[in-house]
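Peer 1: Predicted structure and sequence below. I'll ask about it afterward.
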Amino acid sequence: MSGWIFLVIVVALAVWAISIYNGLVTARNRYKNAFAQIDVQLKRRYDLIPNLVETAKGYMAHERETLEAVIKARNQAATAAQTASGSPGNPAAMLALGQAEGALTGVLGRLFALAEAYPDLKANQNMLALQEELTSTENKVSFSRQGYNDSVMEYNTRRESFPDTLFAGMFGFQPAELLQATESPEERKAPAVKF
């Protein structure tokens, strides 16, 4: 009889450990999926920017430095996003992505501010459509970032809570990093764009 009781206890402990492990795996997969949603929107954003620059180039010929800064920041952000998509939640990758995105947002703000001085550019339908698509994509990125950060918080809370923390360390569940905006307070102000 005591053999059966021992067996039932061992099976119950095994089922309990498996459920904790599976819960941690599920939480980790949720935040990775949430980052994939950000990645989709960022790629769309990066694809729109060269078209925006090409449209502006014809009107802003003597603003070459700003246009080049936009392309450079776009390329750096795309590289950081590619690195981050390889290991979502990695603190260094999330910090680099946040910084690159902050820099890109800053130079795009400068581009839009300069575009104000060019009435023909402000009236260009292609520029208006690209600006609208970029704004829409920015909103989707913000929404996706919130979903990612919520998933990371849920995962981190779970891996730090007892008894999950015992298994998290044992099975290599590392903490995940939030994706935070790293731009300065000045850069956080939305540029006033009037097309």
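Peer 2: Cool, got the structure. Residues are numbered from 1 along each chain as shown.
Peer 1: Spell out for me which residue occupies the centre of this protein.
Peer 2: Centroid-nearest residue in the chain: residue 38, 4.7 Å away (criterion: CA atoms, centre = their mean).
Peer 1: what residue ranges in this structure are flagged as low confidence?
Peer 2: 61-62, 181-195 (pLDDT under 70).
Peer 1: the strands in the protein, which residues?
Peer 2: Assigned strands in the chain: none (criterion: DSSP state E).
Peer 1: Where do the helices of it begin and end?
Peer 2: 2-57, 64-86, 91-115, 119-123, 125-160, 164-170, 185-188 (DSSP state H).
Peer 1: Residue 176: which of the ones you listed is closest?
Peer 2: Minimum separation from residue 176 across the helices of the chain (CB to CB) falls at helix 125-160, 4.5 Å. Where C-beta positions appear, they are placed from N, C-alpha and C, glycine not excepted.
Peer 1: Return the list of helices and strands in contact with the closest one.
Peer 2: helix 2-57, helix 91-115, helix 164-170 (3 or more CB pairs under 8 Å, 6 or more residues apart in numbering; DSSP states H and E).
Peer 1: which residues touch residue 117?
Peer 2: With contact set as CB atoms under 8 Å, 6 or more residues apart in numbering, residue 117 has no partners.
Peer 1: give me phi/psi at it?
Peer 2: Residue 117 adopts backbone torsions of phi -80, psi 0, taken as degrees, to the nearest 10.
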